[in-house]
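J.: Just a sequence and a predicted model for now, questions to come.
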Amino acid sequence: MSEPSSAPSAPADSAAPENDFLAPDAGQRPSGPTPSQSRFQVDLVSEAAGASEEKSASSENSAADGDSGAGGEEAKGRFRVVNFADPNGSGSGASPEAVPPEGLQNGDTVMSETSLHSSTGGQHHYHYDTHTNTYYLRTFGHNTIDAVPKIDFYRQTAAPLGEKLVRPTLSELHDGLEKEPFEDGFPNGDELTPAEEAAAKEAAEPKGVVKFGWIKGVLVRCMLNIWGVMLFIRMTWIVGQAGIALACVIVGMATVVTTITGLSTSAIATNGFVRGGGAYYLISRSLGPEFGGSIGLIFAFANAVAVAMYVVGFAETVVELLRGADALMTDDINDIRIIGTITVIVLLGISVAGMEWEAKAQIFLLVVLVTAIVNYFIGSFISVESKKPSGFFGYDGEIMWENMGPDFRDETFFSVFAIFFPAATGILAGANISGDLADPQMAIPRGTLLAILITGIVYLGVAVSTGSCIVRDASGNPNDTISTANCTGASCKFGFDFSSCKSQKTCRYGLHYDFQVMSLVSGFSPIISAGIFSATLSSALASLVSAPKVFQALCKDNIYPYIGIFAKGYGKNNEPLRGYILTFGIALAFILIAELNTIAPIISNFFLASYALINFSVFHASLANSPGWRPSFKYYNMWVSLAGAVLCCVVMFVINWAAALLTNVIVMALYIYVSHKKPDVNWGSSTQALTYQQALTHTLHLSAVEDHVKNFRPQCLVMTGYPNSRPALLDLVHTFTKNVGLMICGHVRMQGYRKPNFKDLAADQSRYQRWLMRNETKAFYTPVFAEDLRQGSQYLLQAAGLGRLRPNTLVLGFKNDWRDGDMMNVETYINMIHDAFDFQYGAVILRLQEGLDVSHIQGQDELLSSQEKSSGAKDVIVSIDTSKDSDCDSSKPSSKTTSLQNSPAVQKDDDEDGKATTQPLLKKDKKSPTVPLNVSDQRLLEASQQFQQKQGKGTVDVWWLFDDGGLTLLIPYLLTNKKRWKDCKIRVFIGGKINRIDHDRRAMATLLSKFRIDFSDITVLGDINTKPKKEHVATFEEMVEPYRLKEDNMELEAAERLKNSEPWRITDNELELYRAKTNRQIRLNELLKEHSSTANLIVMSLPLARKGAVSSALYMAWLEVLSKDLPPILLVRGNHQSVLTFYS
């Protein structure tokens, strides 16, 4: 390769000379690779300047040995090694630009996984390349750790087909080199768990594992399963009833259904790597765990019962032979049980012996079956005189023409079709052992479709053949020759007249009556019996293998409780021995019942339900238009697959409508159960993709329509900080937005002097969103980094939401601690309200006297502990130690972390809605002593949960003093429509004049009735403009005294300078100018205490302050004096656009 440019490169791309950790002593280099490399090709970069050619040559030899040991793939690419600085600083040629020694020009470095860290106490670290054998290597003539595309980067952990490697992260390539790259030994700092290592090792050692190709694994199994006993003992009867033409139509219809399903199966099977589990795996990974889990359970059960069906069919045939030889052991039913039990034990032994033995048995059975079919066709060309009385005359045009049309006797077309269709099933026999196929993506389409073609042709051939050489009615009596000239029928041509037995219904032979007619026609009849045995036993064996494999895959996914014990596999092939025993038990139970006529239609419907969902999966995935839906099998069509799904459902009801209803009920019941359980899996299903597409489409459609007042919804941006920090604020807003409007939990993360960690931000976003979902809170968590709270809130006000799904109301907590901290925080807080109005938002402020923020009481880890345990995360959460009554999150992480042991004691209870709530611990923790809560914290905890409880009979008092468009009235209405608040009555308070109280009350009552809002009382406050009590005014003056500018007592220039540096200060002029407004707030507080001191919630118009004219300290003082010493109060101000209308 060419020399790299001498121009300086980015820190991530070049090796700085001072990075002496890149050059450990050559003597520490291990000599060769270990066989179980996982995730990385681990290589030591240990060539120092001046390394001898002998060492280089030995390195080459070691590398070559390593390549041959690890596989030929690794030996394909050779890269030149770049030398690095000697730790001792010797040699000037150790810079990255230096030319390596000659011996290293074309050599690979040594591959090894031993000694992850040096033995010198960690002074030297070995570093790992995620591509080919070096950490820094020349890619396109440039020193870089950037990896070129490679399949191993795209594998899942412990993938069966190879080892997973981890490409360098974006941070490793993009961020500055503040620390040693990959200092933890792995580029992402995430070492394999012992279980992952074991799985990777097991996957990397395929010795002795039996994998089948498409012929032995799929084609043979599908043909054996499709060619059932129907071929020999029912096909001729179907031709007798339906005639050749309609029999071909019946076979064709069944083949159409199975072919469409085969095409759909092929499409799903070629859309990515297929693991074991067959139909369950295909459906669950396409449609999700709900459909997959429901189908997987009934499909495994259907296969288990199908074993009993086929074994009983075999036993019945054997019992008939025993009866013919007069060799019955007891009676018919008990003989069937005895023979069936012995048979299923033998089959179990073959299965447990391993897939290789089972495959050999299948090959033998296929040879027998094919021999029987060939034997029949050979016999059909040999006309024997002794067989003519039984209706077999050889091929003849008249016989064919006579049998061409239907002759239904006590049957209909659909009843005959229902009898035949189960003979066409079995197309998933190959897919069911997908985990044992060498290449499922190639084997399943090729084997399944070819099996459907071959078996379909054979079924059609048998239908045409039997209809062309056998008459429908025959007596079997050689003396039934032509006695009169009135003989009609094809048999007359051959000198036989069967009209008498036909009219008297005493015929025992012919297509209509003799189920064993293929034995009659065949060249050697015992071979047909062997064929029947082969057909039943092969189908039973295939089902006996399929059921445990599907069930094992279902158990591994942990969708249903208490069945995980069956997930364990044994031996080199991971055989589900426990599943075999369970399947054997189910099959044995149904064999002992020996009455399978009622269960057989249900089993057929279970299989058909699976086929229907496979077809629907392809339609659904195509409809979702997900970029991940890229089957390499192209011969499918979404609409054909949909037609196949509909056909399967129709056939279910044609076969047996009662069984079809029962199947649907079972599937839906299991679907509802799995949906309710919500298994913690994410398989990238088409349901997920379609949900996204529909959400995107509807959001775009919504954006094309202008807002209308009738469709107004409060869409709230709630400044909660961490969502679990202010439960009262979260609960109250969620109550009136749930299923009504959008709710976004905004969180401003102030970076301060530290560099923002966007990776942590993304992790928190995902983590707290899961927390909201677990607590059934329908909201979105949106954190942002910003210099200060106001800047962050501006980001959120401008950018939160999407299209019409954007917030229109800003919700804040009241800043209870505004007098205790830096007044610039108050300036920021008030400016956030001004910004909301500037962006045409409404503003809502919630005040509880006890406060809102509980994060200083409980660590974030305590609130998230239950969720994180269930999801397996091991993150350490830093407790947020902000002031407890802060309005919204100005969170600066505290210097100390709060762990589960030393956090103040809280515990979780479940309230009526099943949400996790926070309760003080009254009993001692086993691990650490309980920290007692002080009185104020106890009250704060109780207050923070008050909106999670049913409110009971009380009032919501609405003080609608100013018309803001109706938001002040709409929020209480939405609240009282909810279950928790439905017993609360709305009381409305308005301002008015003493001499117009009745008029104002009637006017408001009329308006509320037009708005269709129920209320219990309207109070007109005639004394709203009365001056407040002097002691209350004096208290207000005393409160604002520290925040006054007092410009009259200083020079003008000094006053201006102080006002500029502390803009929150109240000027004397301002205080005097707004004296009336100040008195109104004080007076309103007196009225609130008089009228609403017992209300469950007060909703009141938020007073406005003109921006730039009223200082933040004065405005904050107004809000303080207005809302102090009251029940929970919600200060509301809409954006003065109508949100209520009385027009239809």
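T.: Everything's here; your move. Numbers count the residues shown, from 1 in each chain.
J.: Correct me if wrong: Trp959 contacts Ile986.
T.: No - the pair Trp959 and Ile986 fails to qualify as a contact (Cβ atoms under 8 Å) at a distance of 11.6 Å. Placement of C-beta: from N, CA and C, glycine included.
J.: Tell me which of these two has more neighbours.
T.: A count of neighbours by other Cβ atoms under 10 Å puts Trp959 above the other of Trp959 and Ile986, at 25 against 22.
J.: need the strands for this structure, in chain order.
T.: 137-139, 142-144, 716-719, 743-750, 780-786, 809-813, 842-847, 906-910, 916-920, 954-959, 984-991, 1017-1021, 1097-1101, 1129-1133 (DSSP state E).
J.: how about these in CSV, adding distance to Ile599?
T.: Converted to CSV, the strands of the chain look like this (distance: least, Cβ to Cβ, whole Å):
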stretch, distance to Ile599
strand 137-139, 64
strand 142-144, 65
strand 716-719, 56
strand 743-750, 51
strand 780-786, 50
strand 809-813, 60
strand 842-847, 62
strand 906-910, 42
strand 916-920, 45
strand 954-959, 59
strand 984-991, 57
strand 1017-1021, 67
strand 1097-1101, 60
strand 1129-1133, 63
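J.: looking at those strands, which has the lowest confidence?
T.: For the strands of the chain, mean pLDDT drops lowest on strand 906-910, to a mean of 34.
J.: Distance check, Leu366 against Lys211.
T.: 19 Å (Cβ to Cβ, to the nearest Å).
J.: Comparing the two, which residue is more hemmed in?
T.: Leu366 (19 against 16).
J.: residue contacts, the more buried one?
T.: By Cβ atoms under 8 Å, 6 or more residues apart in numbering, the contact set of Leu366 is Val220, Met223, Leu224, Ser534, Ser538.
J.: go again using 6 Å as the cut-off
T.: By Cβ atoms under 6 Å, 6 or more residues apart in numbering, the residues touching Leu366 are Val220, Leu224.
J.: cool, Phe619 as well?
T.: Met638, Ser641, Leu642.
J.: Quickly note the distance from it to Trp237.
T.: From Phe619 over to Trp237 (counting by Cβ to Cβ), the distance is 36 Å.
J.: Over to Asp760?
T.: Taking Cβ to Cβ, one finds Asp760 at 73 Å from Trp237.
J.: Pick out whichever of these two has more residues nearby.
T.: Trp237 (22 against 13).
J.: tell me, how many neighbours does Arg1012 end up with?
T.: There are 9 residues near Arg1012, going by other Cβ under 10 Å.
J.: Give me the domain ranges for this structure.
T.: 215-474+509-677, 705-841, 950-1133 (the TED database).
J.: Quick one: closest of these to Ala689.
T.: domain 215-474+509-677 (3.6 Å; Cβ to Cβ).
J.: tell me the mean pLDDT for the closest one?
T.: On average, domain 215-474+509-677 scores 86.
J.: end-to-end on stretch 1098-1106?
T.: From its first residue to its last, stretch 1098-1106 covers 24 Å (Cα to Cα, to the nearest Å).
J.: hang on, I meant stretch 488-504
T.: 16 Å.
J.: which residues touch that stretch?
T.: Contacting residues not belonging to stretch 488-504 are listed as 393, 398-399, 402, 471, 473-475, 480-482, 487, 507 [Cβ under 6 Å, 6+ apart].
J.: ditto for stretch 776-784
T.: 723, 734, 738, 743-749, 761, 764-765, 768-769, 772, 792, 795, 800, 915.
J.: Turn the buried ones among the contacts of stretch 488-504 into a named PyMOL selection, would you?
T.: Provided next is the PyMOL selection string for whichever of the contacts of stretch 488-504 are buried by 16 or more other Cβ atoms under 10 Å:
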select buried, resi 393+398+399+402+471+473+474+475+480+487+507
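J.: Tell me which entries of the contacts of stretch 488-504 lie within helices.
T.: When DSSP state H defines the helices, the subset of the contacts of stretch 488-504 inside them is Glu398, Ile399, Glu402.
J.: any chance of those residues in CSV, plus distance to Ile603?
T.: Formatted as CSV, the ones in helices among the contacts of stretch 488-504 follow (distance: Cβ to Cβ, whole Å):
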residue, distance to Ile603
Glu398, 41
Ile399, 36
Glu402, 36
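J.: Quickly note the distance from the residue nearest to Tyr280 when sequence neighbours are not counted to Tyr611.
T.: Leaving aside its sequence neighbours, Tyr280 sits nearest to Gly296 (Cβ to Cβ, 6 or more residues apart in numbering; 3.4 Å). For Gly296, the distance to Tyr611 equals 14 Å [Cβ to Cβ].
J.: what's the neighbour count on Val148?
T.: There are 12 residues near Val148, going by other Cβ under 10 Å.
J.: Run through the stretch 901-1050 of the chain and note the low-pLDDT ranges.
T.: For the stretch 901-1050 of the chain, the stretches with pLDDT under 70 are 901-932.
J.: can you give me the helices for it?
T.: 935-944, 967-976, 997-1010, 1030-1040 (DSSP state H, counting those that start in this stretch).
J.: Out of the ones you listed, which one sits most buried?
T.: helix 967-976 (a mean of 23; mean count of other Cβ atoms under 10 Å).
J.: got the angle between that helix and strand 984-991?
T.: Interaxial angle of helix 967-976 relative to strand 984-991 (axes from the mean of the first three to the mean of the last three Cα atoms, to 10 degrees): 170 degrees.
J.: Okay, angle between helix 967-976 and strand 1129-1133 too, please.
T.: 130 degrees.
J.: Contacts for helix 967-976, please.
T.: Contacts of helix 967-976 (Cβ under 6 Å, 6+ apart): 736, 842, 956, 958, 960, 981, 984, 986, 1013, 1099, 1101, 1132, 1134, 1139.
J.: Now do it: distance to the chain's middle.
T.: How far helix 967-976 lies from its chain's middle: 37 Å, per Cα atoms, centre = their mean, to the nearest Å.
J.: go on, stretch 1046-1056?
T.: The answer for stretch 1046-1056 is 66 Å, by Cα atoms, centre = their mean.
J.: export that stretch as CSV, just CAs?
T.: C-alpha atoms of stretch 1046-1056 as CSV (Å, rounded to 0.1, in the frame of the first residue of the first chain):
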residue,chain,number,x,y,z
LYS,A,1046,-35.1,52.1,46.1
GLU,A,1047,-33.9,54.3,43.4
ASP,A,1048,-35.0,57.4,45.2
ASN,A,1049,-32.3,56.9,47.8
MET,A,1050,-29.4,56.7,45.3
GLU,A,1051,-28.0,58.4,42.3
LEU,A,1052,-29.6,57.8,38.9
GLU,A,1053,-26.5,56.3,37.3
ALA,A,1054,-26.0,53.9,40.3
ALA,A,1055,-29.7,53.0,40.2
GLU,A,1056,-29.5,52.2,36.5
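J.: Go through that stretch and flag the buried ones.
T.: Per 16+ other Cβ under 10 Å, stretch 1046-1056 contains these buried residues: Glu1047, Ala1055.
J.: quick one: contacts of that stretch?
T.: Thr1067, Asp1068.
J.: what about the nearest residue to Ile1024 once chain neighbours are set aside, distance to Met1100?
T.: Distances taken as Cβ to Cβ, 6+ apart place Gly991 nearest to Ile1024, at 4.6 Å, with adjacent residues excluded. Relative to Met1100, Gly991 is positioned 12 Å away (criterion: Cβ to Cβ).
J.: Between those two, point out the one with more neighbours.
T.: Met1100 (25 against 19).
J.: Dig out what the more buried one forms beta bridges with.
T.: Counting by DSSP bridges, Met1100 forms beta bridges with Trp959, Leu1131.
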